[in-house]
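Asks: Just need the structure, nothing else, for what follows:
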Amino acid sequence: VDVAKAKQLLADAGYPSGFDLTLHTSNDRYVNDEAISTAIAGFLGRVGIKTSVVARPIAQQSVAINGADIDFYLYGWGVPTYDSAYIFDFLVHTRGKDGRGPTNATGFSNAAVDTDIVALASEADKAKRDQITQRIWDVVQKERFYIPLHDQVIHFASIKRIDVPVHPDNAVLFKDVKLGAK
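Replies: Numbers count the residues shown, from 1 in each chain. Prediction:
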């Protein structure tokens, strides 16, 4: 963390004294969601961004996001398909266009990205899907309209005869072994 550099970047952007911001968060959806947001507010405060936290139930938080009534918020997104197209359809595509983008409350809109997102819905060739997906991720990462901060999901299962350690990076490591019957 380089607090001096962050303060200089704020000054260069025209905010030498920082600014005020409200961080909207749920308080009943994720493990420590309100505490995470409070910590984020503290980190931002260190550089001069005075951040207030407004915490409420996820039912209210989701309505505010889907209505694009808030512009800085903590929100999680799970991907049951393990395919980026799911994220792109809901969070990246231009809001309300083609029935996609219902949870894109960021204001981000890019016609070329929208075209690529629509193409993913019917592209079956893995190499082509990978190229399209990478193109979209390149734009998302360059534009930085989402800031990933926390990965809560940890997948694991266990039975007495199998020991699968849970790693902090959410990676499950496997070895090819023969299991004896018990």
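Asks: Make sure His24 is indeed in a helix.
Replies: No. Counting by DSSP: H, G, I helix; E, B strand; the rest coil, His24 falls outside a helix, being strand.
Asks: for this structure, which spans come out with low pLDDT?
Replies: 153-158, 163-182 (pLDDT under 70).
Asks: Run through the helices of it in chain order.
Replies: 3-12, 33-46, 58-66, 84-87, 111-120, 126-143 (DSSP state H).
Asks: Looking at those, which one is packed in the most?
Replies: Among the helices of the chain, the stretch with the highest mean neighbour count (mean count of other CB atoms under 10 Å) is helix 84-87, at a mean of 19. (C-beta placed from N, C-alpha, C; glycine too.)
Asks: tell me which strands and helices that helix is in contact with?
Replies: Applying 3 or more CB pairs under 8 Å, 6 or more residues apart in numbering; DSSP states H and E, one finds that helix 84-87 contacts helix 111-120, helix 126-143.
Asks: For those, give me TSV that also has distance to Gln8.
Replies: Below are those laid out as TSV (distance: least, CB to CB, whole Å):
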stretch	distance to Gln8
helix 111-120	32
helix 126-143	22
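Asks: Ok, which of those comes nearest Ile36?
Replies: helix 126-143 (21.9 Å; CB to CB).
Asks: now for the helices of the chain, which one comes closest to His93?
Replies: helix 111-120 (4.9 Å).
Asks: tell me what that closest one is packed against?
Replies: helix 84-87, helix 126-143.
Asks: out of these, which comes closest to Arg46?
Replies: helix 126-143 (25.0 Å).
Asks: how about the CA coordinates for that closest one, as PDB?
Replies: The C-alpha coordinates for helix 126-143 follow below in PDB (Å, rounded to 0.1, in the frame of the first residue of the first chain):
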ATOM      1  CA  LYS A 126     -13.700 -23.700 -27.800                       C
ATOM      2  CA  ALA A 127     -10.900 -21.800 -29.500                       C
ATOM      3  CA  LYS A 128     -13.200 -19.100 -30.800                       C
ATOM      4  CA  ARG A 129     -15.000 -18.900 -27.400                       C
ATOM      5  CA  ASP A 130     -11.700 -18.500 -25.600                       C
ATOM      6  CA  GLN A 131     -10.700 -15.700 -28.000                       C
ATOM      7  CA  ILE A 132     -14.000 -13.800 -27.500                       C
ATOM      8  CA  THR A 133     -13.900 -14.300 -23.800                       C
ATOM      9  CA  GLN A 134     -10.300 -13.000 -23.600                       C
ATOM     10  CA  ARG A 135     -11.300  -9.900 -25.700                       C
ATOM     11  CA  ILE A 136     -14.100  -9.100 -23.300                       C
ATOM     12  CA  TRP A 137     -12.000  -9.700 -20.200                       C
ATOM     13  CA  ASP A 138      -9.300  -7.400 -21.600                       C
ATOM     14  CA  VAL A 139     -11.800  -4.600 -21.900                       C
ATOM     15  CA  VAL A 140     -13.300  -5.300 -18.400                       C
ATOM     16  CA  GLN A 141      -9.900  -5.300 -16.800                       C
ATOM     17  CA  LYS A 142      -8.700  -2.100 -18.600                       C
ATOM     18  CA  GLU A 143     -11.900  -0.200 -17.800                       C
END
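Asks: Nothing else from me, thank you.
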